[in-house]
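[1] build the 3D model from these lines:
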Amino acid sequence: MPLFLRSTLILCLFSFGLLAQEKFTLSGTIVDAQNNETLIGVTILVKETQSYAITNEYGFYSITLPSGNYSIAYSYLGYTTKTEKIELNQNRKLDILLEGKGEILEEVIITTDATKSNIRKPEISVHKLTTATIKQMPVVLGEVDILKSILFLPGVTNAGEGQSGFNVRGGGADQNLILLDEATIYNSSHLFGFFSVFNPDAIKDLKLYKGGIPARFGGRASSVLELYQKEGNSKNFHMNGGIGLISSRILAEGPLQKNKGSFLIGGRGSYAHLFLKLSNNENSAYFYDLNTKLNYKFNKNNTVFLSGYFGRDVFNINQSFENIYGNATLNLRWNHLYSDQLFSNLSLIYSDYYYGLNLDFVGFNWDSGIKNYNIKYDFRHYLTDKIKLFYGVSGIYYDFNPGTIEPSRLDSGINYRQLEKKYAFEPAIYWSAEQKISNRLNVEYGFRYSWFYRLGSSTKNLYANNNPVLFDDELKIYEKATPIGTKYYGANQVMAAYDNFEPRFALSYELNNQNSLKLGYNRMVQYLQLISNTASPTPLDVWTPSDSYIQPQIADQIALGYFSNLQDDKFSFEVETFYKRVKNRMDYIDGADLIANEAIEQVILNGEMRAYGLEVLFRKNTGNWTGWVAYTLSKSEQRTPGRTPNETGINNGEWYRSGYDKRHNLSLTSTYKWNKKWTFGANFVLQSGQPITYPNSQYVYQGITVPNYGLRNENNLPLYHHLDISATLTPKQKSKKWTEEWVFSIYNLYARKNAANISFRQNLETGRNEAIRLSIFGIVPAITYNFKF
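    Numbers count the residues shown, from 1 in each chain. Predicted structure coming up:
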């Protein structure tokens, strides 16, 4: 063969070999070396190609690479980076044990490789907090609080001290989807907002999505808060807990079968009401909750989880008025690995929110609530090191109980009454892809398609011109319409139906190894509505489904951000701007009665909402002193224009500030590790006051002075701010099996009297009007003893 032809043939064969180079998959599970707890969000970095993967919610990772020799770095917050040198010439399963950098109660250190994925990953408007970080933050009454911790993040606020729920980017608390082990939590607070329902000892991971929300999530307009419980120690039995002035907690965990299965059970309760009884005070308020989780690994491809939560609050006034409310969840999950590249999870989920009133002084009991039954099947397909697919299906069946009234005694004169129950079904499918377009550009794109069916058995009110709200042209007010008839729908008959396409998109453009630009867009559809006219959720609020008169909320949000890691990741800087618009946001006519209203459509108008702003976050990640500063400049508005040229709408049809609008929000949190024994923490919050409507004039009617109110939310409560400090003492360990610490904290160090509300009344002595400020907290010292063995 001529030399030229031989050389050409060799070159062609060599080129073909490069193009057809065989690829293999490296996969496995990453766990804590001490207790076999799976780790979520571990970064797996291939140093030769700079490709990366991140463990999912079950600690699984998969990355496909050309055959060859590689150096793989496994990095995670608070853990020592582990590097493995491997020869990849076949599909290989490699499980990794990561060693923690310290015992519980110590600071968290962010490693360099772990932060690189934050720059590259097409993920925007997302925050992750570990329980180790949260436990260092000073809190009210000494109780570590998961929900209070996220209030120090940019774009997150609440209605004020002692208020339940939280608000994200100007949205309502009802627009947040809160998931505990994938189960919906409808009320996230104990004791009307003083504590959250989440036991910090039982929580493994917390992730808040403010925007750029993945396609697997749906059902709420503003945000998703995703929490996962710990799985339990499958190596050894351990217990830990804490004893405080107001509440205490205990948690036990251990192996069902060593290295194959484990259990976790934790309990928490408050007991301040017991001190009231010592002073012959018959009033009481307390809570208790229970967390549990079981898991068993049948083989390398199949693992089963069973988790649950049960919590109750009890508020009692002189044995004549009792309020009981709380959540209950149960979730059975099956993880199955079809191949090294295809991971699946099947979940059967039950959620229940119960609200009850025992009104002995009037002789009846009131029960209400919402239940949902959810089945979902999720797949994660790791095709190559450059593209991953996420897809799945779900179906949720809802059972709403607006209210059941029962007599509590024979002489009450109250008859049994069941407000008409409501039912709905919400199926959905989703698909998304995360793709590396080039060394600098990564994108995530996909969609969610959802359906919603309002089902019988129920009776629907019929109105003239299909209009349940009338407008009086002379008085310029809205009034309830009188039904002209009713229509009954039998069991599972469709009363109303909706379907919506929900696109999702995000990209990250890497300017260099330390800086990137990110863009995100998402559409979210919310089919459930919370009937409430307060800025903060209360247990008395009732959830209701969308129907012929109440339309689903449709939210579109876009965000643009710049992300930077500084000085070898000792510091990080993030700045984001966002714009969000929500269609069909419910508004209420003046004088609307919401409690036990079986024709709620008669007091509701569909409006719109918008929010926009700028968020800045600066972190110090390493060293003895860590923490962050967050600032948000934003605006949140609502508008309900008239439906016809003659109608005035709400607030004259003009944009007005929503109850969640806080123009300025500054927060600082820091931790300083002085030595092995002492760690100090501090928080500071400064916010614009909550919008409120003050009276602007008055008139006298039959000798009674009546205030006249201006336009909605024209005024503000005074500026809100407080400083909190803490000191943690970790005594020298007397035994390797026993770890303890003392936490001393002061909430509101300078005793700021922040206004929870301002009301107006007439002074009976002087006859003059006066404003009354309600403040909940002054200075609050606390001490907590934590232990582990």
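[2] surely Lys676 is in contact with Thr730?
    Yes. Assessed by C-beta atoms under 8 Å, Lys676 is found in contact with Thr730 at 7.0 Å. All C-beta atoms are positioned from the backbone trio N, CA, C, and that covers glycine.
[3] who has more neighbours out of the two?
    Set Lys676 next to Thr730 and count neighbours by other C-beta atoms under 10 Å: Thr730 wins out with 20 against 9.
[4] just checking, the more buried one touches Lys673?
    No. The pair Thr730 / Lys673 is not scored as a contact, 10.0 Å apart, by C-beta under 8 Å.
[5] helices of this protein, start to end?
    With DSSP state H, the ranges of helices along the chain come out as 3-19, 112-120, 131-134, 146-150, 272-278.
[6] worst average pLDDT in the ones you listed?
    Looking at those, the lowest mean pLDDT belongs to helix 3-19 (a mean of 41).
[7] give the full set of residues in contact with Tyr521.
    Listed by C-beta atoms under 8 Å, 6 or more residues apart in numbering, the contact partners of Tyr521 are 212, 503-506, 556-559.
[8] do the same with Gly778
    When contacts are counted by C-beta under 8 Å, 6+ apart, Gly778 touches 748, 751, 753.
[9] and what of Leu749?
    Neighbouring residues of Leu749 by C-beta under 8 Å, 6+ apart: 722-725, 779.
[10] repeat that for 10 Å
    138, 682-684, 722-725, 779-781 (C-beta atoms under 10 Å, 6 or more residues apart in numbering).
[11] now render the contacts of Tyr521 as TSV, adding neighbour count, distance to Ile317 and pLDDT.
    Listed next are those as TSV, based on neighbours: other C-beta atoms under 10 Å; distance: C-beta to C-beta, whole Å; pLDDT from 0 to 100:
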residue	neighbour count	distance to Ile317	pLDDT
Gly212	26	46	92
Pro503	15	50	98
Arg504	24	48	97
Phe505	19	52	97
Ala506	27	50	96
Asp556	16	45	97
Gln557	26	43	97
Ile558	18	48	97
Ala559	23	46	97
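[12] and which of those is nearest to Lys788?
    Gly212 (36.8 Å; C-beta to C-beta).
[13] ok, that closest one to Thr482 distance?
    47 Å (C-beta to C-beta, to the nearest Å).
[14] and what of Ile772?
    Per C-beta to C-beta, Ile772 is found 39 Å from Thr482.
[15] for the residue positioned nearest the centre of the chain, which non-adjacent residue is spatially closest?
    Among the residues of the chain, the one closest to the centroid is Leu225, at 2.2 Å (C-alpha atoms, centre = their mean). Counting by C-beta to C-beta, 6 or more residues apart in numbering, Ile178 is the residue found nearest to Leu225 once chain neighbours are left out, at 4.8 Å.
[16] could you report the neighbour count for that neighbour?
    Residues near Ile178, counting by other C-beta under 10 Å, number 24.
[17] next one: it from Ala33, what distance?
    Ile178 is 31 Å from Ala33, by C-beta to C-beta.
[18] next: Ser457.
    56 Å.
[19] ok, and the most crowded of the contacts of Gly778?
    Comparing those on neighbour count, Asn748 comes out first with 19 neighbours (neighbours: other C-beta under 10 Å).
[20] what about the closest residue to it other than its chain neighbours, how many residues nearby?
    Distances taken as C-beta to C-beta, 6+ apart put His722 closest to Asn748, at 4.4 Å, once the chain neighbours are dropped. Burial of His722 is recorded as 21 neighbouring residues (other C-beta under 10 Å).
[21] give me the beta-bridge partners of His722?
    For His722, the beta-bridge partners are Val685 (DSSP bridges).
[22] quick check: pLDDT value at it.
    Per-residue confidence at His722 stands at 92 (pLDDT).
[23] which residues of the stretch 551-700 of the chain fall in strands?
    In chain order, the stretch 551-700 of the chain shows strands spanning 553-566, 571-588, 604-620, 625-639, 656-657, 664-673, 678-687, 691-692, 695-701, with DSSP state E, counting those that start in this stretch as the criterion.
[24] got the buried residues for the lengthiest strand in the chain?
    Taking DSSP state E as the criterion, the chain has its longest strand at strand 387-407. Using 16 or more other C-beta atoms under 10 Å as the test for burial, strand 387-407 gives 388-392, 394, 396-398, 400-405.
[25] now that strand, how far from the centre of its chain.
    On the basis of C-alpha atoms, centre = their mean, to the nearest Å, strand 387-407 sits 17 Å off its chain's mean C-alpha point.
[26] partner strands of it, with direction?
    Strand 387-407 is paired, per DSSP bridges, with strand 364-382 (antiparallel), strand 417-418 (antiparallel), strand 422-436 (antiparallel).
[27] sorry, back to before: quick one: pLDDT of the residue nearest to Leu225?
    At Ile178, pLDDT is 96.
[28] and it, how far from Gly165?
    Note on Ile178: its distance to Gly165, by C-beta to C-beta, is 9 Å.
[29] now Val494
    From Val494 across to Gly165, the span is 32 Å (C-beta to C-beta).
[30] and Ser688, by the same measure?
    Separation of Ser688 from Gly165 (C-beta to C-beta): 18 Å.
[31] how about Thr728?
    Distance, Thr728 to Gly165, using C-beta to C-beta: 29 Å.
[32] so what's Phe505 up against?
    Shown in contact with Phe505 (C-beta under 10 Å, 6+ apart): 122, 212, 215, 432, 443-447, 519-523, 558.
[33] any stretches of the stretch 451-600 of the chain with poor pLDDT?
    533-540 (pLDDT under 70).
[34] go again with 50.
    Across the stretch 451-600 of the chain, nothing is flagged by pLDDT under 50.
[35] give me the neighbour count for Asn442.
    Asn442 has 24 neighbours, counted by other C-beta under 10 Å.
[36] swap in Phe789?
    Neighbour count for Phe789, taken as other C-beta under 10 Å: 13.
[37] so who does the closest residue to it other than its chain neighbours touch?
    Closest residue in space to Phe789, ignoring its immediate chain neighbours: Trp738 at 4.8 Å, by C-beta to C-beta, 6+ apart. By C-beta under 10 Å, 6+ apart, the residues touching Trp738 are 787-789.
[38] same deal with Val469?
    So Val469 contacts 463, 478-481, 549, 589, 601-605, 643, 647 (C-beta under 10 Å, 6+ apart).
[39] before we move on, back to that, biggest separation within the contacts of Leu749, which pair?
    Farthest-apart pair in the contacts of Leu749 is Phe684 and Pro781; separation 17.5 Å (C-beta to C-beta).
[40] the two: who's more crowded?
    Using other C-beta under 10 Å, the more surrounded residue of Phe684 and Pro781 is Phe684, with 17 against 13.
[41] my guess is that one contacts Asp724. True?
    Yes. Between Phe684 and Asp724 a contact is recorded at 7.6 Å, counting by C-beta atoms under 10 Å.
[42] quickly list what's touching both of those two.
    By C-beta under 10 Å, 6+ apart, the residues touching both Phe684 and Asp724 are 669, 749.
[43] I figured Ser419 hits Thr544, correct?
    Rather than Ser, residue 419 is Leu. No. The pair Leu419 / Thr544 is not scored as a contact, 11.2 Å apart, by C-beta under 10 Å.
[44] mutual contacts of these two, please.
    Shared contacts of Leu419 and Thr544, defined by C-beta under 10 Å, 6+ apart, comprise 400, 402, 597.
[45] who are the neighbours in contact with the second one?
    Going by C-beta under 10 Å, 6+ apart, Pro402 touches 368-370, 418-422, 531, 542-544, 595-598, 600.
[46] thanks a lot, catch you later.
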